[in-house]
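# Sequence below, structure please.
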Amino acid sequence: MTLPHSVHEATRRSFVPHASSDGERIVLGEDAFRRMISIERKRTERSRKPFLLMLLDKGNRNGSEKNGKALNHIVSALLAGTRETDVIGWYQDRHTVGVMFTDLVVEDKSSILSTMLTRVSTTLRDNLTFEQFNQISISFHFFPDDWDHDASGRPSNSTLYPDLSRNNTNRQLLSGIKRMIDIVGSILALIIGAPLLLIIALAIKTTSRGPIFFRQQRIGQYGKCFTFLKFRSMHVNNDPSVHQEYVTKLIAGQAERKPANGNGNGNGVYKLTNDKRVTRVGAFLRRTSLDEVPQFLNVLKGDMSLVGPRPAIPYEVAAYQTWHRRRVLEVKPGITGLWQVNGRSRVTFDDMVRLDLRYARAWSPWMDIKILLRTPRAVMLGEGAH
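Residues are numbered from 1 along each chain as shown. Predicted coordinates for the structure are as follows:
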């Protein structure tokens, strides 16, 4: 794949002084190379043509002259043994070098990996000493990566998202403020709401068989699973396939709106309504969003935030399109968010994801406070709550 002129010029402008060059080809510095990974991810989301990131790790982190020469040999070998359209750069400055093979047609991943490994290994053997070659660790990372989440939870390959985990002093400060708001807000909510929590717990226990709390595996930031808490609003031992079938259609844009009330009037919502699995107490808890209160414990633990995207169920993530995945990567999931205060279940799934991504790009402590202040009104109106 030939890089568009605008991208090629952008990478040249971000080319750092210590980067090496070979004629028309350049080796990008760490910041520029990581930005290119982000650009290729977004390009893949549109084109659906995957790319392969190969990382070569020298292992020895000392800054000796011998180690520096070995690294230069590796870079020279890659420049000589890869296509001019492949992007080469430092994934980790002067320690791990990367190559992006883009615009791939993937029919058999194992075959591509075998071919790439053979080609690169042959090139390195021809240009390095036996000792230098044996010190290199090679890893391959496809994008889109496989998300086969199960109950144990396998985090997403964070190697492909270096731009989301980079250290940034300003962002760290804002994240610290957000965490402080989360802790203070959830503690106050639990203390003030303690009498109400006790009443809800008694109502659930005395009106239906089963536990007070509903526990479920959900997907947190970077694809990490955690145990999600709610007040139980359904009968025990119900069939989850009904919800799974509907949400799969919802994500694919094929779900129909369900009547928002018993008489079939109204605009309808993108959510199961009149669900026979829901108890009478559970219907009230859902309508008033009181079933969500135990999630303040998830916030205290650090798995969730007061404000953020709703945490996804593993089978929901399995149905995601590539661009949908960013909603569970860029920020922690939350109890409330832009989706809840902008129509809730009345908006399509794609529009919900767009709201989540908008929040991820623009979030600030003040934005969180504004969303929190708008949440009570959304709850009282009960828009889209079922």
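# where along this structure do the strands fall?
21-22, 25-26, 51-57, 87-92, 96-101, 137-143, 213-219, 225-231, 305-307, 334-336 (DSSP state E).
# Looking at these, which one is packed in the most?
Most buried of the strands of the chain, by mean neighbour count (mean count of other Cβ atoms under 10 Å): strand 305-307, with a mean of 27. Every residue, glycine included, has its C-beta placed from N, CA and C.
# which helices and strands sit right next to it?
Other elements packing on strand 305-307 under the criterion 3 or more Cβ pairs under 8 Å, 6 or more residues apart in numbering; DSSP states H and E are helix 169-192, strand 334-336, helix 365-381.
# What residue, apart from its backbone neighbours, is nearest Val99 spatially?
Of all residues not flanking Val99 in the chain, Met54 sits nearest, at 4.7 Å (Cβ to Cβ, 6 or more residues apart in numbering).
# residues touching the one you found, list them.
Gly98, Val99, Met100, Phe101, Met116, Val120, Ile138, Ser139, Phe140, His141 (Cβ atoms under 8 Å, 6 or more residues apart in numbering).
# ok, it to Met100 distance?
According to Cβ to Cβ, to the nearest Å, Met54 stands 8 Å off from Met100.
# swap in Gln217?
Separation of Gln217 from Met100 (Cβ to Cβ) stands at 33 Å.
# And for Gln216?
37 Å.
# ok, now Trp366?
Taking Cβ to Cβ as the measure, Trp366 falls 37 Å from Met100.
# Ile136 now?
Per Cβ to Cβ, Ile136 is found 18 Å from Met100.
# Please apply the same query to Ala318.
Distance of Ala318 to Met100, computed by Cβ to Cβ: 26 Å.
# wait, what's in contact with the nearest residue to Leu190 once chain neighbours are set aside?
Using Cβ to Cβ, 6+ apart and skipping the chain neighbours, the partner closest in space to Leu190 is Phe296 (5.3 Å). Applying Cβ under 8 Å, 6+ apart, we find Phe296 in contact with Ser186, Ala189, Leu190, Ile335.
# tell me the contacts of Ile88?
Arg25, Ile26, Val27, Leu28, Val75, Leu78, Leu79, Thr82, Val97, Gly98, Val99, Met100.
# Would you mind giving the domain segments of the protein?
5-146, 166-381 (automatic domain parsing).
# Could you double-check that Lys58 sits in contact with Lys69?
No. Using Cβ atoms under 8 Å, Lys58 makes no contact with Lys69, being 11.2 Å away.
# okay, these two: which has more neighbours?
Lys58 (20 against 11; other Cβ atoms under 10 Å).
# Tell me who's in contact with the more buried one.
Applying Cβ under 8 Å, 6+ apart, we find Lys58 in contact with Asn67, Ala70, Leu71, Ile74, His95, Thr96, Gln135, Ile136.
# What separation do you get for it and Ile204?
58 Å.
# likewise Ile136?
58 Å.
# the more surrounded of those two?
Ranked by neighbour count (other Cβ under 10 Å), Ile136 and Ile204 place Ile204 first, with 22 against 17.
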